[in-house]
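> Let me see the structure of the following:
(one chain, ligands or ions: 2)
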Amino acid sequence: MITIHNVSKTYIQNNKTFKALDHISLSINRGDIYGIIGRSGAGKSTLLRLINLLEVPTSGSVIVNGQDLTKLKGKQLRIARQSIGMIFQQFNLVLNKTILDNVLIALELAKYPKSERYNRAMEVLNFVGLKEYVYKYPSQLSGGQKQRVGIARALANKPKILLCDEPTSALDPNTTAEILKVLQSINKNLGVTIVIVSHEMDVIKSICNRVTILDNGKVYETVEIEPKGIREHSH
Ligand code: ADP
Ligand code: ADP
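Ligands and ions are numbered 1, 2, ... in the order given. This is a model prediction of the structure:
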């Protein structure tokens, strides 16, 4: 479903070049919960952002659903990106908008049919358990609830792929377990392929079936694993 082939990414800063990714190749299959782990600065976030071309590779190809995204421009790229949702460590919600509006804005940007936006937003907010919160603002929600809004917003346009950039790193252990269950349910029940970047080995081991370890911009190794299950924490 996703093939990253021989990708390198060089950043230029203060006239110096820095190789954040060095000849990376990996394949993510439909239905995977795929983990990318490594220490801070290893290149995880850059690698994840290449999958929807938020970062443009310096060389190599990024093939999603048979299309090389690096060859697409403008409208074609916008359409290809619509099959890819993304969530973030700090949730990235629009703070002066209600929960409902946060999802509606995403649907509007995706050019989702106007007459269906409200119903779709309510449906996806119900799916993440936030039906009672749609007219609240982000500041009135807990961290876990904010991440649920992020998830609802990412899923609103019915993507086939969900990219998760440190999705639980701002959350306590109980809330982490709760969000991991939501991600697992999205994978199982909606058939969404999930890619998770994290520096937390416990998070990756609990739900991922395949893991790439990044070190210094290079693939250290890729291994298939048996997901260990989500550990419950007591209060
Ligand atoms: P990780 O997510 O594993 O912490 P990143 O992908 O965020 O790693 O960053 C990898 C390396 O690339 C880091 O050394 C970082 O400082 C550098 N880097 C990331 N983004 C930029 C940028 N926009 N400009 C310059 N350097 C960057
Ligand atoms: P309507 O015509 O019913 O206002 P829209 O599709 O224009 O429907 O907007 C849907 C919702 O999204 C509205 O609540 C509006 O406040 C919000 N919205 C639309 N565009 C933006 C934008 N660019 N930035 C922030 N909020 C927006």
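> sec struct for the residue in the chain positioned nearest to ligand 2, please.
For the chain, the residue closest to ligand 2 is Leu104, as judged by Cβ to the nearest ligand atom, at 4.0 Å. No exception for glycine: its C-beta is placed from N, CA and C like everyone else's. With DSSP: H, G, I helix; E, B strand; the rest coil as the basis, the three-state label of Leu104 is helix.
> need the contact list for it.
With contacts taken as Cβ atoms under 8 Å, 6 or more residues apart in numbering, Leu104 has the following neighbours: Arg117, Tyr118, Ala121.
> residue boundaries of the strands in this protein?
Chain-ordered strands for the chain, with DSSP state E as the definition, fall at 2-13, 16-28, 33-37, 59-64, 67-68, 84-88, 161-165, 193-198, 210-215, 218-224.
> Around ligand 1, which positions in this protein sit nearby?
Counting by Cβ under 6 Å from any ligand atom, the positions of the chain adjacent to ligand 1 are Tyr11, Gln13, Phe18, Ala20, Gly38, Ser40, Gly41, Ala42, Gly43, Lys44, Ser45, Thr46.
> Report the contact partners of the fourth one.
Yep, that's Ala20 we're talking about. Shown in contact with Ala20 (Cβ under 8 Å, 6+ apart): Lys9, Thr10, Tyr11, Gly43, Thr46, Gly217.
> do the fifth one as well
With contact set as Cβ under 8 Å, 6+ apart, Gly38 has these partners: Lys44, His199, Ile213, Leu214, Asp215, Tyr220.
> Just the buried residues of those.
With burial judged by 16 or more other Cβ atoms under 10 Å, the buried subset of the contacts of Gly38 is Lys44, Ile213, Leu214.
> Make a markdown table out of those and add pLDDT and distance to Lys73.
As requested, the buried ones among the contacts of Gly38 are exported to a markdown table (pLDDT from 0 to 100; distance: Cβ to Cβ, whole Å):
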| residue | pLDDT | distance to Lys73 |
| --- | --- | --- |
| Lys44 | 97 | 27 |
| Ile213 | 97 | 33 |
| Leu214 | 97 | 29 |
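> Contacting ligand 2 as well, which ones from those?
With Cβ under 6 Å from any ligand atom as the criterion, the subset of the buried ones among the contacts of Gly38 in contact with ligand 2 is empty.
> give me the number of residues near the residue nearest to Lys97 when sequence neighbours are not counted?
The shortest distance from Lys97 to any residue other than its chain neighbours is 6.8 Å, reached at Ile105 (Cβ to Cβ, 6 or more residues apart in numbering). For Ile105, the neighbour count with other Cβ atoms under 10 Å is 16.
> Against Ile225, how distant is Ile105?
37 Å (Cβ to Cβ, to the nearest Å).
> Ala177 too?
For Ala177 relative to Ile225 (Cβ to Cβ), the value is 18 Å.
> what does Ile194 give?
Shown here: Ile194 relative to Ile225, a distance of 15 Å by Cβ to Cβ.
> wouldn't Gln82 be in contact with Asn157 here?
Yes: checked against Cβ atoms under 8 Å, the pair Gln82 and Asn157 is within contact range at 5.7 Å.
> hey, what's in contact with both of the two?
Applying Cβ under 8 Å, 6+ apart, one finds that Gln82 and Asn157 are jointly contacted by Ala110.
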